[in-house]
Every structure is written in structure tokens, then in C-alpha cells.
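J.: Have a look; sequence and predicted model below, questions after that.
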Amino acid sequence: MPQARCNFCGRTHAEVRHLVAAENGVTHICSDCVARISDVLERARPKSPALARLPTPREIKTTLDQYVIEQEEAKKTLAVAVFNHYRRLQNPDAGLQKSNILLVGPSGTGKTLLAQTLAKSLQVPFAIADATTLTEAGYVGDDVENIVLRLLQTADYEVEAAQRGIIYLDELDKIARKSEGVSITRDVSGEGVQQALLKIIEGTICYVPPQGGRKHPHQELIPVNTENILFICGGAFEGLDAIVRSRVDVSKVGFNAAEAQSQGVAEVVPDDLMKFGLIPELIGRLAIIVQLQELSLDALMRVLTKPKGALVKQYKELFALEGVELKFTEAALYEIARRAQGRGTGARGLRSIMEKTLLELMYEVPGSDVVRLVIDEGQLDHPHTVLMQAERRKTA
């Protein structure tokens with residue numbers, strides 16, 4: 001009977017450590033060839049997107065400009081911070097420390113959109129989490145590990161890709177501790193959560209339950225190293241401006257401080273965040289503080305029409321699918337922006353106003369003979385008048 005040989009290298013069982021037979025009992029492969037094939041496949045595997053060509057800070061900002069109106073200083077700071085983060089990953093021997101980011105600004109100023117666009121431009125896994133859903137281990141709510149699980153899911157459970165991703169943690173201000181003193185009672189959604197977040201933000205091996213939820217002793221867990229995950233935290237931090245103003249005392253500091261304060265650009269410093277209720281250790285891990293300014297009326301009008309994915313463009317495309325041309329007058333756009341500004345929710349308020357304005361039209365138009373709609377300022381609350389004046393398909 002002929003001796004079994006490896007079908008790749010031809011060596012016999014006596015010449016190798018292990019010889020594995022296929023199910024047919026005829027084909028064999030030795031352990032050395034398995035190792036070689038594994039090495040070839042590993043080298044042939046595409047590199048993680050984060051280690052592909054890294055766009056320059058200028059290129060990153062150009063991408064942000066296409067989606068986010070105004071916030072020039074914030075976009076520039078973010079572009080440099082993200083570039084440096086991924087340059088650090090490309091050069092692990094340089095000994096550079098990770099610098100996570102804190103976005104501070106009113107609702108609707110583009111915090112989430114900035115983080116989403118950064119991840120999209122770099123083609124890295126991205127996940128959004130809400131800090132208000134988190135609680136300390138042992139209490140009802142999400143464990144902080146579930147934040148990492150969301151990132152792992154967007155990376156299709158490819159751990160290496162997830163470990164170079166971006167996590168945006170919204171509403172960080174909502175987990176500020178209730179007082180400046182150290183809490184002696186349980187604060188399950190405040191200081192305790194900050195302590196739990198601190199570990200994953202600064203870098204640790206996080207054991208993630210594949211299906212989410214609470215961990216239990218007999219559950220299989222996926223280890224994820226968070227050391228190279230970029231954490232971008234955001235929040236409105238209502239009341240922080242008063243803390244900043246009390247520090248930048250115009251009457252004592254002089255002209256430069258007064259000028260800065262009058263322009264609404266007084267810089268937020270770590271002490272301000274500590275007084276607000278963030279713990280010093282967490283503030284220390286959020287080394288880069290980016291401030292976003294409330295959007296002006298002009299900026300809100302541009303948000304409606306200028307960026308990629310602008311609301312007006314989206315609704316025009318939606319009506320175009322029904323064979324209908326949708327047009328807004330300048331006066332109508334101005335009024336929509338004015339109403340959004342009055343709500344104090346920035347760009348976020350634009351969509352709800354647009355949705356309410358167009359609801360009746362989106363209900364009536366499909367299947368009708370309407371081919372063109374023009375919406376003027378006075379018709380925002382009277383959609384039936386838009387339908388009455390609509391251009392309709394001519395019949396023979």
C-alpha cells in the first residue's frame with residue numbers, strides 16, 4: 001500500500017509533524033503547508049481601511065465642508081485631530097498617545113453629522129451611542145461594553161477593523177454628576193457611568209457579549225482592545241456658558257476677554273467641565289475640546305439647500321420619483337429657517353418643519369395628475385392652496 005503523502009509538498013507522514021486527510025481519504029495536507037497557506041492568505045488579505053492612504057487634514061476638512069455648514073474652526077480642529085490619530089496608528093513605534101475628542105455645542109449644530117462624515121471619509125467602522133442609556137454594571141440599562149458591541153456589529157464582527165473604528169457618544173453632558181463633591185450614594189447614570197466609560201475610552205480589553213445585553217458567567221465573549229478606537233463625545237452642555245462667563249470676568253480681565261465674550265467664542269477649559277460635573281479623569285482622556293457655534297439664520301437657509309444630502313434636495317428627489325417637480329421660493333426657505341431658529345434646535349428643527357409642511361402633499365400627490373408644485377411663504381401652513389395652484393398633466 002503506497003504511503004500517504006502531502007498533495008502540496010509531496011512529503012510523507014514520517015517527514016512532517018502532522019498529515020491531515022480530507023474526507024475522501026485520498027487527499028492529504030501537512031501541517032507545514034497549512035502554515036504556509038495561512039501566511040499567504042494573511043498577506044493577501046486587504047489591509048484595514050484605517051491603514052490605507054490617509055487623507056491630509058486639508059482633504060478631510062474639504063469633505064466636511066461638503067456636508068456641514070459653517071463651524072470652520074471646529075472642522076479644522078477635527079481634521080487635524082483625526083489625521084493625527086490615524087497617523088499614530090500607522091506608526092505604532094512612535095510612542096504617541098491617543099487624543100479623544102469632545103464636541104461642545106447647542107443642539108442642531110452638526111456634532112453627530114461631523115462624526116459620521118469623518119468616519120465615512122476615512123472608511124472606518126462607525127457607531128453612535130447615547131450616554132443617557134448607560135448605567136453602572138448591575139443596574140437596569142446598557143453596560144458600557146454595548147457601545148463597543150455596536151461598533152463591532154458595523155464592522156461585521158471583524159475585530160481588527162473595529163479596533164480602528166470611531167465611536168460617537170452623544171449626550172455626554174447628561175451623565176454629569178449632580179454635585180461637585182464626591183458622591184457617597186449610588187449615581188447609576190452619572191458619576192458611576194463616567195468611571196465605567198473611562199476604562200474603555202483610555203484603552204482596555206473589553207469583553208463583549210455577541211448578542212448584547214448583560215454578561216453572564218457561561219456566555220461566550222469577544223475580546224476587543226479599545227486602545228486605538230477613537231472616541232468622539234458630544235453634548236449641548238446647557239449651563240456651561242454661565243460657568244465660562246463667571247470665569248472670564250469681563251470687568252477684571254480686560255478688553256481681549258470682553259471682545260471674545262461679546263463674540264461668543266470664550267474658550268471652554270477643563271476646569272469649566274469639572275464644575276459642570278465631569279470627573280477629572282474623564283476630562284483628561286478627552287484632550288481635544290471642539291466648540292461649535294449656534295447656527296445663524298443665513299446658515300440655516302444654506303443648510304436647507306447647499307450641503308450634500310440637503311433637505312430640499314432630498315424632498316425634491318422624493319417628489320421626482322412620482323414625476324413631480326418641487327420648488328420652494330426664497331421667501332418660503334427663509335420662513336422655514338426662521339421657524340427652526342425660533343425653536344432653538346438648529347438644523348435639527350428644519351426636518352420636522354419640512355415634514356409637517358409637506359405631509360399633506362406627500363399624501364395627495366402619488367397617483368395624481370400633478371407635475372409641478374411651488375411652495376411660497378404663505379403656503380407653509382396651507383398645503384391645500386399649493387395643490388389648488390399645482391401644475392397638472394394635460395389631457396388630450
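T.: Perfect, thanks for sending it.

J.: Residues touching stretch 101-112, excluding its own?
T.: Applying Cβ atoms under 8 Å, 6 or more residues apart in numbering, the external contacts of stretch 101-112 come out as 68-69, 71, 74, 78, 81, 114-115, 128, 168, 170, 172, 230-237, 240, 268, 273, 286, 288-295, 340, 344-349. Bear in mind the C-beta positions are built from the backbone N, C-alpha and C, glycine included.

J.: Surely R393 and D369 touch.
T.: Yes: counting by Cβ atoms under 8 Å, D369 is a contact partner of R393 at 4.2 Å.

J.: Wait, a strand at E70?
T.: No: E70: not assigned to a strand; according to DSSP: H, G, I helix; E, B strand; the rest coil it is coil.

J.: Which residue is the nearest non-sequential neighbour of it?
T.: Excluding the flanking residues, the one nearest E70 by Cβ to Cβ, 6 or more residues apart in numbering is A299, at 4.9 Å.

J.: Tell me which helix or strand the one you found sits in.
T.: Per DSSP states H and E: A299 is located in helix 297-305.

J.: Can you list the buried residues in the next helix or strand along the chain from that helix?
T.: Going down the chain from helix 297-305, the next helix or strand is helix 311-320, by DSSP H and E. Going by neighbour count (16 or more other Cβ atoms under 10 Å), the buried part of helix 311-320 is L311, V312, Y315, K316, F319.

J.: Kindly provide the distance from the second one to L169.
T.: So that's V312. 31 Å (Cβ to Cβ, to the nearest Å).

J.: Please, where are all the helices along the stretch 201-350 of the chain?
T.: In the stretch 201-350 of the chain, helices defined by DSSP state H, counting those that start in this stretch lie at 240-247, 250-253, 255-262, 270-276, 280-285, 297-305, 311-320, 330-343, 348-364, listed in chain order.

J.: Mean pLDDT lowest where, among these?
T.: If these are sorted by mean pLDDT, helix 255-262 sits at the bottom with a mean of 43.

J.: before we move on, back to that, right, and the residue nearest to E70 touches I69 too?
T.: Yes: counting by Cβ under 8 Å, I69 is a contact partner of A299 at 5.2 Å.

J.: which neighbours do these two share?
T.: Between them, A299 and I69 share no contacting residue, judged by Cβ under 8 Å, 6+ apart.

J.: coming back round to it: give me the neighbour count for the residue nearest to E70.
T.: When neighbours are counted by other Cβ atoms under 10 Å, A299 registers 20.

J.: And for Q97?
T.: 9.

J.: returning to what we had before: the helix holding A299 vs helix 311-320, what angle?
T.: On the basis of axes from the mean of the first three to the mean of the last three Cα atoms, to 10 degrees, helix 297-305 is oriented at 30 degrees to helix 311-320.

J.: Could you tell me the angle between helix 297-305 and helix 348-364?
T.: 40 degrees.

J.: which of the residues in helix 297-305 are buried?
T.: A299, L300, M301, R302, V303, L304.
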